[in-house]
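Colleague: prediction below, plus the sequence it came from.
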Amino acid sequence: MDSSESQDESSHHNKDLLLFRRARLRDVDSIAKIYSSSIEYLDPESRDWIESIVKKKSRRLRIYVASIEDEVAGFIIVYKKRDKAYIDAFAVDPRFRGRGIGQELLNYVETVLASEGVEKVYLSVKNHNNKALGLYIKNGYRITNVVLILRSLSRDIETDILKVDNITIRLDNIKRYSFPRTKLLDTTMWSNFTWDVDEYIYRVSKEDAIALAVYKGRRLLGVARIFFEQNEVFVERLALSFYRPTESLKIVVYALKTRVVSQPTTAITIPVDSSKSALLRTLIQLGFKVIDSEYILQKELIKLRYGVDQGNVANVQHLHAVKNTEF
Ligand SMILES: CC(C)(COP(=O)(O)OP(=O)(O)OC[C@H]1O[C@@H](n2cnc3c(N)ncnc32)[C@H](O)[C@@H]1OP(=O)(O)O)[C@@H](O)C(=O)NCCC(=O)NCCS
């Protein structure tokens with residue numbers, strides 16, 4: 001027997017029973033359940049949103065699961081855009097944690113992505129999630145950026161300084177309105193991956209969001225996608241004109257305050273990459289406070305020359321072996 005292979009290092013569980021594949025409709029309840037048991041570490045998504053992703057069968061947005069004896073043990077939601085991918089959510093059922101399943105699922109998804117030509121994988125981790133951070137670093141990810149979460153009550157946002165004329169504000173339900181395809185500067189790296197695919201998911205799901213577009217004359221200053229939760233407004237996407245982005249930001253925030261939010265005590269939350277310092281400075285000048293942060297991690301995938309038959313573990317293990325020999 002050949003003992004040189006190191007695939008059996010961790011034998012906390014019977015690997016023959018562990019399978020990886022794309023999620024199916026009948027997995028949705030289990031995924032939603034695991035999602036809600038991990039909510040402290042993830043951004044909230046509803047069962048309906050998860051179901052809509054699975055139904056859509058998009059190449060750009062997928063859910064993969066690890067299953068043990070046909071029971072979902074964990075999942076990964078991943079966005080793909082050309083040669084890059086973004087892991088949006090990742091969790092293992094609390095009953096199955098600490099047995100290596102998370103790591104194997106992550107490796108499986110990376111292998112599938114690499115076989116499709118993806119060269120870089122990105123993800124974000126909330127600052128208190130040391131276990132996930134440790135797992136990613138062990139698997140070759142490195143921290144490349146930090147996202148700051150900024151928040152202000154509507155009434156505390158300073159908008160008097162603005163001279164706004166010739167401004168047109170367009171507000172609509174995201175189901176009826178698509179953002180213009182103009183190239184814009186997104187305040188977060190991740191919304192580059194998510195904004196256009198999410199538009200399709202919104203159309204098939206029951207979830208609602210508001211789309212905002214602000215023009216000065218005929219020039220697009222910026223766009224925002226917002227969802228409400230109780231007395232809070234979350235800006236999922238904020239993207240600004242490359243021409244004078246900080247001026248545009250002030251006017252888009254003014255539009256949010258005056259046209260989207262009706263209560264002065266409603267809080268507005270906006271995530272911004274820490275590298276976009278001029279935008280951060282502007283928001284803080286307008287009255288926003290830093291309330292939290294997340295790490296952005298990145299990993300370069302090894303180029304794979306072989307295709308992978310999704311769901312076939314034997315093939316994937318073969319690819320792992322190939323990957324190892326390339327080091
Ligand atoms: C993160 C999560 C998916 C990992 O899944 P899992 O199956 O429990 O993870 P694994 O058993 O494969 O591996 C965990 C590894 O992290 C390591 N780890 C745990 N805490 C750590 C720490 N503080 N520092 C460094 N490494 C740590 C463990 O040592 C383990 O590696 P080992 O097997 O070599 O000992 C799971 O804990 C989970 O669902 N958490 C809640 C949701 C979440 O945080 N998702 C990530 C969002 S970014």
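Modeller: Okay, I see it.
Colleague: so how far is W49 from S154?
Modeller: 26 Å (Cβ to Cβ, to the nearest Å). Just so you know, the C-beta spots here come from the backbone N, C-alpha and C atoms, and that holds for glycine as well.
Colleague: repeat that for K80.
Modeller: On the measure of Cβ to Cβ, K80 and W49 end up 18 Å apart.
Colleague: and what of R26?
Modeller: 17 Å.
Colleague: so what are the sheet partners of the helix or strand containing L148 and their directions?
Modeller: Here L148, judged by DSSP states H and E, is contained in strand 142-153. In the sheet containing strand 142-153, its partner strands are strand 267-273 (antiparallel), strand 289-300 (antiparallel), by DSSP bridges.
Colleague: so of the ones you listed, which one's packed in deepest?
Modeller: Most buried of those by mean neighbour count (mean count of other Cβ atoms under 10 Å) is strand 267-273; its value is a mean of 22.
Colleague: if you compare the directions of the helix or strand following it and strand 142-153, what angle comes out?
Modeller: Going down the chain from strand 267-273, the next helix or strand is helix 277-285, by DSSP H and E. Here helix 277-285 runs at an angle of 30 degrees relative to strand 142-153 (axes from the mean of the first three to the mean of the last three Cα atoms, to 10 degrees).
Colleague: packing partners for helix 277-285?
Modeller: strand 142-153, helix 245-255, strand 267-273 (3 or more Cβ pairs under 8 Å, 6 or more residues apart in numbering; DSSP states H and E).
Colleague: average model confidence for it?
Modeller: Average pLDDT, helix 277-285: 98.
Colleague: re earlier: check which residues of the strand holding L148 are buried.
Modeller: If you call a residue buried by 16 or more other Cβ atoms under 10 Å, then strand 142-153 has these buried ones: N145, V147, L148, I149, L150, R151, S152, L153.
Colleague: residues in contact with it?
Modeller: 124, 188-189, 264-275, 280, 283-284, 286-299 (Cβ atoms under 8 Å, 6 or more residues apart in numbering).
Colleague: equivalent analysis for stretch 182-193, please.
Modeller: Defining contact as Cβ under 8 Å, 6+ apart, one finds that stretch 182-193 is touched by 79, 81, 84-86, 88, 122, 124, 145, 147, 195, 220, 222-223, 236-242, 245, 270-273, 276, 279, 296.
Colleague: can I get the strand holding L148 as PDB, trimmed to CA atoms?
Modeller: Output in PDB follows, covering the C-alpha atoms of strand 142-153 (Å, rounded to 0.1, in the frame of the first residue of the first chain):
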ATOM      1  CA  ARG A 142      -3.600  37.000   3.800                       C
ATOM      2  CA  ILE A 143      -5.100  40.200   5.100                       C
ATOM      3  CA  THR A 144      -5.000  42.800   2.400                       C
ATOM      4  CA  ASN A 145      -7.500  45.400   3.600                       C
ATOM      5  CA  VAL A 146      -9.900  46.400   6.300                       C
ATOM      6  CA  VAL A 147     -13.400  47.500   5.900                       C
ATOM      7  CA  LEU A 148     -14.800  50.100   8.300                       C
ATOM      8  CA  ILE A 149     -18.400  50.200   9.100                       C
ATOM      9  CA  LEU A 150     -19.700  53.700   9.500                       C
ATOM     10  CA  ARG A 151     -23.000  54.700  11.100                       C
ATOM     11  CA  SER A 152     -24.900  57.900  11.800                       C
ATOM     12  CA  LEU A 153     -28.400  58.800  12.900                       C
END
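Colleague: show me where the chain has its helices.
Modeller: In the chain, helices defined by DSSP state H lie at 28-37, 47-56, 101-115, 130-138, 189-204, 245-255, 277-285, 313-325, listed in chain order.
Colleague: what number of residues lie near the residue nearest to T159 when sequence neighbours are not counted?
Modeller: Once flanking residues are discounted, T159 sits nearest to Y254: 4.8 Å by Cβ to Cβ, 6 or more residues apart in numbering. Neighbours of Y254 under the rule other Cβ atoms under 10 Å: 21.
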